[in-house]
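Visitor: What follows is a predicted protein model with its sequence.
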Amino acid sequence: MIVHSLKRAPRLVLGSVNKSLVPKITTLREIGVPESSIRFLLRNDPCVLQFKNEKFQKFVKKVVERGLDPMEVVFIHAVRLFAGMSESTWERKMEIFRRWGLSSDEIMLMFRSFPSCTSLSEKNIRSTMDFLVNKMGWKVTKITSVPNCLTYSLERRIIPRFLVVKVLILKGLVKKDVGFGTFLKPAEEFLERFKIKY
């Protein structure tokens, strides 16, 4: 595992593993991050471990302050996210969500359940929120309960599915109140229910 990580993050080799890598792993262990999550980080994104120890600890502190559970793998996802995002970028994204009427608590609830919803570009957040709310009529508070929907491609997934369901509604083949989960289903299930069936 360590050898694999060093190959993907060669800068780790520049310093002593005991001085650069071990302190970061110790930091995670001390707050209760399980070994499985640490292995996940080493295997999937060892580049995060190339930061100086003090900076890495700041990333971890930000995640802790936002209430994520160290026992859950989403904690590691959030650490990875903060390693690649400046504080100013984070604040701009938070402001976008606030403009849609979300409170700080609602935004944090969304972030804790799916940190990657804030990894999107500001443009993507705005355009996806606009389509879901203004074109599809979804309530903003409903989106916060399934924040992973923000990461779906508008062009390849959301809009095509919306158009299919819209045509079927106009033809009277399905009810207007199509369930929210319909647009979140895997492609095979969506096709089986709508395109193939009708």
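Guide: Ah, there it is.
Visitor: Please, which helix or strand holds residue 94?
Guide: Secondary structure here is read from DSSP states H and E; on that basis residue 94 sits in helix 87-99.
Visitor: Check residue 77 too.
Guide: When the helices and strands are read off by DSSP H and E, the one containing residue 77 is helix 74-83.
Visitor: Also residue 137?
Guide: Taking DSSP H and E as the definition, residue 137 sits outside all helices and strands.
Visitor: what about residue 140, how many residues close to it?
Guide: Residue neighbour count, defined by other CB atoms under 10 Å, stands at 14 for residue 140. The C-beta positions use only the backbone N, C-alpha and C, and glycine is treated the same way.
Visitor: Would you quantify the distance from it to residue 116?
Guide: Here the criterion is CB to CB, to the nearest Å. By it, residue 140 lies 19 Å from residue 116.
Visitor: now do residue 124
Guide: Applying CB to CB, the value for residue 124 to residue 116 is 12 Å.
Visitor: ditto for residue 132
Guide: With CB to CB as the criterion, residue 132 and residue 116 are 17 Å apart.
Visitor: quick one: which of the two has more around it?
Guide: Between residue 132 and residue 116, counted using other CB under 10 Å, residue 132 has the larger neighbour count: 23 against 16.
Visitor: how about the nearest residue to the more buried one once chain neighbours are set aside, phi and psi?
Guide: Spatially, and ignoring its direct neighbours in sequence, residue 132 is nearest to residue 138 (4.7 Å; CB to CB, 6 or more residues apart in numbering). According to degrees, to the nearest 10, the main-chain angles of residue 138 amount to phi -80, psi 140.
Visitor: Around residue 138, count how many other residues there are.
Guide: 17.
Visitor: That one and residue 155: what is the separation?
Guide: When distances are taken as CB to CB, residue 138 and residue 155 turn out to be 18 Å apart.
Visitor: give me the low-pLDDT residue ranges for this structure?
Guide: Counting by pLDDT under 70, the chain contains low-confidence residues at 1-17, 176-181, 183, 195-198.
Visitor: Show the residue spans covered by the helices in it.
Guide: In chain order, the chain shows helices spanning 2-8, 17-20, 22-30, 35-44, 53-65, 74-83, 87-99, 104-113, 122-130, 140-145, 159-170, 187-190, with DSSP state H as the criterion.
Visitor: Minimum distance to residue 151: which of the ones you listed has it?
Guide: Among the helices of the chain, helix 122-130 comes nearest to residue 151, with 8.5 Å by CB to CB.
Visitor: neighbouring contacts of the closest one?
Guide: With contacts defined as CB atoms under 8 Å, 6 or more residues apart in numbering, helix 122-130 is touched by 89, 92-93, 96-97, 100, 120, 140, 143, 149-150, 152, 154, 158.
Visitor: Quick one: distance of that helix to the chain centre.
Guide: Relative to the centre of its chain, helix 122-130 is centred 14 Å away, using CA atoms, centre = their mean, to the nearest Å.
Visitor: what's the angle between it and helix 87-99?
Guide: With axes from the mean of the first three to the mean of the last three CA atoms, to 10 degrees as the basis, helix 122-130 and helix 87-99 are set at 10 degrees to each other.
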